[in-house]
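Asks: requesting a structural model of the entry that follows:
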Amino acid sequence: MQPGSDDFGHAFEHLIIQEIIAYLGYHDYENALSYWHTHTGYEVDAVLGDANVAIEIKSCQEVQSRHLRGLKAFGEEHPTARLIIVSLDVAPRTINNVEVMPATHFLQELWNHKIY
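Replies: Okay, the predicted model is just below:
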């Protein structure tokens, strides 16, 4: 499976979602995971709690502003939500109130109870 391929992207997203599901299950957070989309095509891969945290998953090496569209739309509707994009970036950073987290950093933060 080649990085950058559709299969790689699906597998990467599946890995992150499965880790979130495992975390929520181990900590008895019932009904804490959902997703969000609009009729105009914006979507967010994972929403935790009552719109507390929105997570977009991208298997790219460097997040660009175009990758943030769904999170930005979600943030307009839910201004107090924490917005995170999980990617293959090499270091954490912030772009316009969206936290860009490398996958390993995100998973470490998740299991250390710092995401939700």
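Asks: what kind of secondary structure is A11 in?
Replies: Following DSSP: H, G, I helix; E, B strand; the rest coil, A11 is assigned to helix.
Asks: contacts only, for the residue lying closest to it once chain neighbours are set aside.
Replies: Nearest residue to A11 in three dimensions, chain neighbours excluded: M1, at 6.3 Å (CB to CB, 6 or more residues apart in numbering). Every C-beta, even on glycine, is put in place using the N, C-alpha and C of the backbone. Residues near M1 by CB atoms under 8 Å, 6 or more residues apart in numbering: D7, F8, A11.
Asks: can you give me the helices in this protein?
Replies: 6-26, 69-77, 103-111 (DSSP state H).
Asks: so for H37, which of the ones you listed sits nearest?
Replies: Each of these was scored for nearness to H37 using CB to CB, and the closest is helix 69-77 (8.1 Å).
Asks: what's that closest one packed up against?
Replies: Judged by 3 or more CB pairs under 8 Å, 6 or more residues apart in numbering; DSSP states H and E, helix 69-77 is in contact with strand 43-48, strand 53-57, strand 82-87, strand 98-102.
Asks: ok now it, how far from the chain's centre?
Replies: The chain centroid and the centroid of helix 69-77 are separated by 12 Å under CA atoms, centre = their mean, to the nearest Å.
Asks: before we move on, back to that, now render the helices of the chain as CSV, adding mean pLDDT, mean neighbour count and distance to Q61.
Replies: What follows is those, written out as CSV (pLDDT from 0 to 100; neighbours: other CB atoms under 10 Å; distance: least, CB to CB, whole Å):
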stretch, mean pLDDT, mean neighbour count, distance to Q61
helix 6-26, 94, 15, 12
helix 69-77, 96, 17, 19
helix 103-111, 98, 17, 11
